[in-house]
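In: pasting the sequence and the predicted model now:
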Amino acid sequence: MASKAKPVLPLLEAGPVPLVQLRAQAKKQLVDLIDSRRGKKALILDPAISGSLTQLDAGLSELFTEHGIIKLLYLERVRLDDAIYNASEPHLSDVRPILYVARATLENAQLIAWQIKSSSARSPNRHEYSVFWVPRRSVAVEHVLEDEGVYGDVIQGEFPLDMVPLDDDVLSLELDSAFRECTLEGDPSSLFYTASALMRLQYTYGLIPRIQGKGPAAAAVKDMAIRIRKEGPLPLAAATACRIHRAIILDREIDPITPMVTQITFEGLIDEITGIKNGSVMYTPSKREGAGPAGGGDGGRSRPGSTLLNSTDPFYKEFRDLPYYITSQRLQQYARDARKEYAELGSKDLSELKTFVKGLPKLLLLDRLSDLAVPVAEVVKEQAFHDRLKAEQDILEGYDVEESVQYIQEQMWRGAEALAVLRLLSLFSSCCGGLPKKHADSMRSEFLAAYGHQHLATLNNLEKAGLVKPQGSSSTRSSTFASLRKGLRLIVDDPDQMTANPSDISYLHKGYAPISIRLVEAAVKGGWGPVAEVLSILPGAQFDILQVLDPDGRVVDRPYKAVAAAGEQHPPYSMPAIATPLSHAWVTTGSTSAY
């Protein structure tokens, strides 16, 4: 068992729509931008997109080499002639064409300009620079290059990597800072990227007839998408047929609670404890005693690394959405079965041995999942983990405000991680309509005393974003969570949900059903009419429109109710042909593994 199973990318053909088309398009665009510069070249990648690129091709390094990349580096504040960039052959100083692929941020533009200026000052005309902005070039980054005096030294282009397929039924824009940009910086770029991605989805799979949404950012995305559609009409083939029946766009602002609650599924806990990024996770294979699969030994398998997590692993596909303790039981049972089969190898005939050998790849995957479960198991067995789950549940149920305050303060005194305490503060504030007046100042002071006054800006930003704020401030309304909790049935006290076959989504968070998922459920089951009163409590406008064809064959948008009512008399519009009643949910400015 010394060899390690090589994770593979999902085929992207088994989902509701074949997402493989999106991956193929993105890979082709990447190859085209590399081939746009002849000869041997160096590629400097923005670390923020390197993970997304690994989802395009399992053999990315080989792909780069095949197309002339002889030096692969990552963008950091290092001079191009620094030893860090030139530690191995070939030296960067010996490569003339340098390609940058980076997100279109001001920080990246300033860093690239600094590298070019510092290199040109020492060795003019040594390099030819090309910058490909992801997903689009912006006026702001062009102004930075111009202000820094390198605009004329750079050939600029775009790499429209927007939607990254992570699995057969999951797309991600990988916009980590979208919520901050929208709420703190007033930068709507991520909303435009989302609208553009929504339109590309329609160019690829046909017009989406019905679009529903809630929240200010969701409404902005809808308006931008309609404007893009009017400026560049859909081809006739896309306008008259569709693969997706409905798109549901939700603003993270309507559900700030869910990201603050601990996930208890196998995949959710891996994300909570180890961290899943771009569909991959860092882990350290365990040293095992003895020999054999799923618990047998291989003393050399101990180097840390990363591995992809997706539905190509049959065990992960089975376990990912199950409550952790059920996953743990099944993992142990599979491991016992594997060890038993391995111990009986000596008594097997040749055909049985061949069958066993064919099953080795699956055993390696089981071995890998067992390693991934180790850090999760170490945390879950601690009483502190279960105390936190109980504290979160008390906050969600509005059980005892004073007891919740005391628990959060105890976490500060005991030196819990600052991020964990901030999540509790955000959860408490969102559920209570702000921090109670008599505790708000003391909780802020105690947090700063425990974690340092450098976090004063952090607390101010959280208040500006509406996540941690005192009750009675100008940005605070009276608590609305109690009404939401009852109207959307957010708390489900049913032990049967914590089984291998739960019937309600509340099992994701041990009895709490996310607001956003409840809204998606209501939209799909019959529309938002029955929950209209609850929706009015949440921030921002709601919308429900149909994209239909007018008598001239042009795509127009009309309110859903108006079209439905008119259709009863004499249909003035025609609907595109729907292949399958499929819905696609978007969460603007951030999602979680629970989705």
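Out: Here it is on my side, so go on.
In: you'd agree I211 is in a helix?
Out: No - judged by DSSP: H, G, I helix; E, B strand; the rest coil, I211 forms no part of a helix; its state is strand.
In: contacting residues for the residue lying closest to P235 once chain neighbours are set aside?
Out: In this structure, P235 finds its nearest non-sequential neighbour in Y203, 7.4 Å apart by Cβ to Cβ, 6 or more residues apart in numbering. In this view, the C-beta of every residue, glycine as well, is placed from N, C-alpha and C. Going by Cβ atoms under 8 Å, 6 or more residues apart in numbering, Y203 touches L234, P235, A238.
In: what about stretch 26-44, how long is it end to end?
Out: One end of stretch 26-44 to the other measures 18 Å (Cα to Cα, to the nearest Å).
In: returning to what we had before: I'd like the distance between the residue nearest to P235 and A197.
Out: Per Cβ to Cβ, to the nearest Å, Y203 is found 11 Å from A197.
In: S118 now?
Out: Distance, S118 to A197, by Cβ to Cβ: 36 Å.
In: show me where the stretch 401-550 of the chain has strands.
Out: Ranges of strands in the stretch 401-550 of the chain, per DSSP state E, counting those that start in this stretch, are 542-549.
In: and the helices in it?
Out: 401-413, 418-432, 437-451, 456-464, 481-487, 515-525, 532-535 (DSSP state H, counting those that start in this stretch).
In: before we move on, what about the stretch 251-400 of the chain?
Out: 266-273, 314-319, 324-343, 350-358, 360-380, 383-397.
In: show me the contact partners of the strand or helix carrying E146.
Out: In this structure, E146 sits in helix 139-147 according to DSSP states H and E. Here helix 139-147 makes contact (Cβ under 8 Å, 6+ apart) with 104-106, 108-110, 112-113, 131, 133, 151, 154, 156.
In: so how do I select the buried members of those in ChimeraX?
Out: Buried residues within these, by 16 or more other Cβ atoms under 10 Å, are selected in ChimeraX with:
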select :104,105,108,109,110,112,113,131,133,154
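In: redo the contacts of helix 139-147 as a markdown table? Include secondary structure.
Out: Formatted as a markdown table, those follow (three-state DSSP):
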| residue | secondary structure |
| --- | --- |
| A104 | coil |
| T105 | coil |
| L106 | helix |
| N108 | helix |
| A109 | helix |
| Q110 | helix |
| I112 | helix |
| A113 | helix |
| V131 | strand |
| W133 | strand |
| Y151 | helix |
| V154 | strand |
| Q156 | strand |
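In: need the max-distance pair from the contacts of helix 139-147.
Out: T105 and Y151 (17.0 Å; Cβ to Cβ).
In: thought V20 was touching L9?
Out: No - counting by Cβ atoms under 8 Å, V20 does not reach L9; the two are 9.7 Å apart.
In: report the contact partners of D441.
Out: So D441 contacts P470 (Cβ under 8 Å, 6+ apart).
In: how close does it sit to W413?
Out: Distance from D441 to W413, by Cβ to Cβ: 17 Å.
In: that older thread, tabulate the helices of the stretch 401-550 of the chain (CSV), appending mean pLDDT and distance to S370.
Out: Formatted as CSV, the helices of the stretch 401-550 of the chain follow (pLDDT from 0 to 100; distance: least, Cβ to Cβ, whole Å):
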stretch, mean pLDDT, distance to S370
helix 401-413, 96, 31
helix 418-432, 96, 26
helix 437-451, 95, 35
helix 456-464, 96, 37
helix 481-487, 92, 38
helix 515-525, 94, 30
helix 532-535, 92, 43
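In: and of those helices, who's closest to R252?
Out: Closest among these, once you apply Cβ to Cβ, is helix 515-525, at 8.2 Å.
In: who touches that closest one?
Out: The contact list for helix 515-525 (Cβ under 8 Å, 6+ apart) reads 212, 214, 246, 248, 250, 254-255, 257-258, 484, 488-490, 505, 528, 530-531, 535, 538, 583, 585, 587, 594-595.
In: can you point out the buried residues in it?
Out: Across helix 515-525, burial judged by 16+ other Cβ under 10 Å covers I515, S516, I517, R518, L519, V520, A522, A523.
In: L207 and V548: what is the separation?
Out: Taken as Cβ to Cβ, the span from L207 to V548 is 9 Å.
In: who touches both of the two?
Out: Going by Cβ under 8 Å, 6+ apart, residues that sit against L207 and also against V548 are V555.
In: so which helix or strand of the protein has the lowest pLDDT on average?
Out: In the chain, no helix or strand scores lower on mean pLDDT, DSSP states H and E than strand 577-578, which sits at a mean of 52.
In: low-confidence bits of the stretch 251-400 of the chain, can you list those?
Out: Within the stretch 251-400 of the chain, the ranges that satisfy pLDDT under 70 run 286-303, 344-350, 352-359.
In: for the nearest residue to R122 once chain neighbours are set aside, phi and psi?
Out: Nearest residue to R122 in three dimensions, chain neighbours excluded: D81, at 6.5 Å (Cβ to Cβ, 6+ apart). The phi and psi values for D81, taken as degrees, to the nearest 10, are phi -100, psi 10.
In: next: Y129.
Out: Residue torsions, per degrees, to the nearest 10, at Y129 are phi -110, psi 130.
In: report the contact partners of it.
Out: Here Y129 is in contact with I98, Y100, I116, V150, D153, V154, I155 (criterion: Cβ under 8 Å, 6+ apart).
In: now do 7 Å
Out: Residues near Y129 by Cβ atoms under 7 Å, 6 or more residues apart in numbering: I98, I116, D153, V154, I155.
In: export those residues to CSV and tack on secondary structure, distance to P285 and pLDDT?
Out: As requested, the contacts of Y129 are exported to CSV (DSSP: H, G, I helix; E, B strand; the rest coil; distance: Cβ to Cβ, whole Å; pLDDT from 0 to 100):
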residue, secondary structure, distance to P285, pLDDT
I98, strand, 36, 96
I116, helix, 41, 95
D153, helix, 46, 93
V154, strand, 43, 95
I155, strand, 44, 96
